[in-house]
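**Q** curious how this folds, go ahead:
(chains A and B)
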Amino acid sequence: MASAIELIGITKRFPGVLANDNVNLTVEEGEIHAVCGENGAGKSTLMKILYGMQPPDEGTMRIFGEERVFNSPNEAIDIGIGMVHQHFMLANQLTVLENVILGAEPTKKGGLIDFNKASAHLDEVGKAYGLTVDPFDLVESLAVGERQRVEIIKVLFRGAKILIFDEPTAVLVPQEVEELFRNMRELKANGATIIFIDHKLEEVLEIADTITVLRQGRTVETVKPANVSAAFLAELMVGAELPKPQLTAAKPGEAIGIELNEVTVLDSDERPIVDNVSLKVRQGEILGIAGVEGNGQHELVAAILGTTKTETGRIALMGNDIINSSVRQRRENGLGYIPQDRQEEGLLLTAPLWENAALGHQTSKPFSGGWRQWFIDRGGSRSQTERIRKEYDVRTPNVEVSAHALSGGNQQKLIVGREMVSEPSVLVASHPTRGIDVGAQAAVWKQIREARSRGLATLLISADLDELIGLSDVIVVMFRGRVVAKLDPSEITPRSLGAYMTGAALEEGAE
Amino acid sequence: MKRETFRQIALALAAPVAAVLFASIASSIFLLIAGSNPFTAYGDMFEYGSKLEIQVDILNRATPLYISGVAAAIGFRMNLFNIGVEGQYRLAAIVAAYVGASVSLPAVFHVALILLVAMLVGGAYAGVAGVLKVTRGVNEVISTIMLNAIAISGLIAWLVREWQAGGKVDSTGANLGVGTEPIDESGLIPNINSWLEVFTREIGKGKELTGILLVAIAVGVLYHILINRTRFGFDLRATGMNPFAARAGGVPDKRMVLGAMVLSGVVAGLVGMGEIAKLGRFSPNFVGGLGFAGIAVALLGRNHPGGIAIGALLFAFLDTASGVLQVTGSASREIVFIMQGIILLAAVIAYEVVQRFRIREEARLASALLAEETT
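**A** Here you go, the predicted model:
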């Protein structure tokens, strides 16, 4: 019998990034196959290719033994592939039934929706796979786990035989995870094939029949859960060879740049997303935060910057409490910020470079100030931008072009430059080299190191472990909103770091 | 370099020229369908519009359109849609007329007081929508539309009764009818015919060029300085371009929403001042629709101070010159509404096309220059 899915030699390139590099994946019919890997390992890209959202640059796909090329998800759906999205794609004001049939409505003569037929079919699907949801409930009245079940039914309703689950447990509480796993086993028992993307190792080991690990766009290994431990998987994900720290730490000063004291931030469901975190970064020190994405790093950064509300706890910038300060006051008092997504949070794409250089610093010299403090100093802004262009090697014809004309690496160098030339006392750098080429990456690293030797206190959040270990003086690991470990980068092993990041160390410690 | 400058100017002009050209062709088709000769109709309009007295009418019409356009544009620059200019200027006009009629002051102070009251009322009324958005998250489109209804068919209808001059007669002995008390001569902005007559001949037929034109020019200059030169303007534009980046850059989002809304209302308050100066009071047949026309003019002018001026003049020309069509009978007067609609639609599309072209061009230029540099 042919395998359900065979991906052979899949390669996908994005500008400056090799997302998938000759990836091979074979999924047998009727199994639960987990695909794990770090952020940026290429899992999502691979699934998007399989689901027809993006064409691969190279490689072939065989579904149930037949070679396929998809131009759109509709073609994938037609031959029985369905995707259960991580972020639910449901209309809250509609009923379960209406949501399920949305876009695939059975119709009567004259174009009217045949609700009887739809609900009968829904019943059939629900019974066949053991999934129960009242079809006439409004989606907004459902709990998160139930909504996910609606997503699954939606996919089955369209006749899917292969289901892709994109990090389905990320939004669930433990009890809901158990329920999901029961449903997944039920699906499998009824002949469905499941691909399951996750990076929580204990979950993967519990539910999967086969596990494929991706790292940096390549398939590392395919293993059976019975033969491996969580720690071994972590090592596979993170990579066995971590580079030695390239630089011994410059001696940090005594003064504390930024201090967080028992900081808690709540998410929209009032659950703590940052849970009682205390940190201290001294001047001339780089503190790296490791962690799988979605464990509270982003919210922690927002709390420091002041764009999100801190529920409890204190934050002190250079010894001054800033809990009640606005974002602007914090920035004026020496807080620099490199956002994780330069286009979303860092740039005004349609504005000229010199205006982009002013953003975040428009209240201070040389962008404004002096006797004309309410005006933008256009001359001063332009010459400052020229300076950034020269010192930070931003490749651009002039400072009048709009930001979207620059490549990603040059956009990032502009952002790093604008934060650095203002000589902040504390820098929060969130994934400062994500998605840029090697040359630009090296330049950014050099800038951060030089700033450290001038006494900058840096909080570095990164998914790139090379970067974290190479730059940081101390590394802390965040897991489920908490700081679970404080490590010395010179003594770190891939096993220990991976175990902490995926929570495996906590499980072992508890036993 | 010279070629580049030429290119840039050509690009900037491409969109409006294409839009007007397309609109003329499309309108001609409508005229032909209606059985009129488009050339005769356009010819009549241009001939009529070339008369000095008609040009005064056009300027008088363009002046409030321009102010209204700027009021809308202030909001648009930060993706804030103040649909309430209509209600703001009318409410501002009646309160200003009432206050103006109840005091007597030397001319300069009297005029200044009336303008100030109008601006304050406009700003305060727009501020209601701003406060609702900031504190309760109410979408400003919904709230300003509702505030329009409250102002026009509620507050103003009530105030007109409350403040009416009831049965009084003017100097010629005619009954004043419903409306506020007349404002003393000292409170009425004089016409500026003499300013225009410096360049041309004497203006006849009793036409008066509104003095508010000077206020409109000042509003345009201040708008340009505020938006393009000040920190407030930078924050405002940054929020419009990318609210997340602006927020991370320390722009106080709520304060900006409130500030932009109030400022838009302050300018909106001035829209009806020309009419007040002309009538000397507020009456129930006070000019309406300027707020909505201002939105169209702002769109046409791309929120640019100069662009809005061109848009206001174009719309004012069409509004005014169309009057002649009824006289000559060469076409139906309503054709100008069709033309205005088509111009607006064509302009929005043409701007988008040119913008995309410009973005590609810029990226190409940037990479070409880099390639040159590295080889």
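
**Q** would you map the helices across the stretch 1-150 of chain A?
**A** Assigned by DSSP state H, counting those that start in this stretch, the helices in the stretch 1-150 of chain A fall at A:43-50, A:73-78, A:96-101, A:115-129, A:144-157.

**Q** elements contacting the longest one?
**A** Using 3 or more C-beta pairs under 8 Å, 6 or more residues apart in numbering or on different chains; DSSP states H and E as the contact definition, the elements that helix A:115-129 packs against are helix A:96-101, helix A:144-157, helix A:174-189. All C-beta atoms are positioned from the backbone trio N, CA, C, and that covers glycine.

**Q** picking that back up, can you lay out the helices of the stretch 1-150 of chain A as TSV showing distance to A:Glu186, mean neighbour count and mean pLDDT?
**A** Output for the helices of the stretch 1-150 of chain A, formatted as TSV (distance: least, C-beta to C-beta, whole Å; neighbours: other C-beta atoms under 10 Å in any protein chain shown; pLDDT from 0 to 100):
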stretch	distance to A:Glu186	mean neighbour count	mean pLDDT
helix A:43-50	22	23	87
helix A:73-78	22	16	88
helix A:96-101	18	24	88
helix A:115-129	6	16	84
helix A:144-157	10	21	86
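
**Q** same list, these, but as a markdown table with distance to A:Phe367 please.
**A** Output for the helices of the stretch 1-150 of chain A, formatted as a markdown table (distance: least, C-beta to C-beta, whole Å):
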| stretch | distance to A:Phe367 |
| --- | --- |
| helix A:43-50 | 38 |
| helix A:73-78 | 46 |
| helix A:96-101 | 49 |
| helix A:115-129 | 59 |
| helix A:144-157 | 45 |
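
**Q** quick one: stretch A:445-462 near chain B?
**A** No. Stretch A:445-462 lies out of reach of chain B by C-beta under 8 Å from any C-beta of the partner chain, never closer than 14.5 Å.

**Q** now that stretch: average pLDDT?
**A** In this model, stretch A:445-462 carries a mean pLDDT of 90.

**Q** hmm, back to that, of the helices of the stretch 1-150 of chain A, which is nearest A:Lys365?
**A** Across those, A:Lys365 has its closest neighbour in helix A:43-50 (43.4 Å, C-beta to C-beta).

**Q** okay, now the residue of the stretch 101-250 of chain A found nearest chain B: neighbour count?
**A** Closest contact between the stretch 101-250 of chain A and chain B, by C-beta to the nearest C-beta, is at A:Glu140 (18.0 Å). Counted with other C-beta atoms under 10 Å in any protein chain shown, residues neighbouring A:Glu140 total 11.

**Q** I'd say it and A:Asn92 touch.
**A** Yes. Counting by C-beta atoms under 8 Å, A:Asn92 is a contact partner of A:Glu140 at 4.0 Å.

**Q** domains for chain A, by residue range?
**A** Taking automatic domain parsing as the domain assignment, the ranges for chain A are A:5-228, A:246-334+A:425-492, A:345-423.

**Q** tell me which of those domains is the most buried.
**A** domain A:345-423 (a mean of 21; mean count of other C-beta atoms under 10 Å in any protein chain shown).

**Q** wait, a strand at A:Thr212?
**A** Yes. Per DSSP: H, G, I helix; E, B strand; the rest coil, A:Thr212 lies within a strand segment.

**Q** what sits closest to it if chain neighbours are left out?
**A** Leaving out its chain neighbours, the residue that sits closest to A:Thr212 by C-beta to C-beta, 6 or more residues apart in numbering or on different chains is A:Thr222, at 4.6 Å.

**Q** residues in contact with the helix or strand hosting that neighbour?
**A** Assigned by DSSP states H and E, A:Thr222 falls within strand A:218-223. For strand A:218-223, contacts defined as C-beta atoms under 8 Å, 6 or more residues apart in numbering or on different chains pick out A:21-26, A:37, A:42, A:210-214, A:233, A:236-237.
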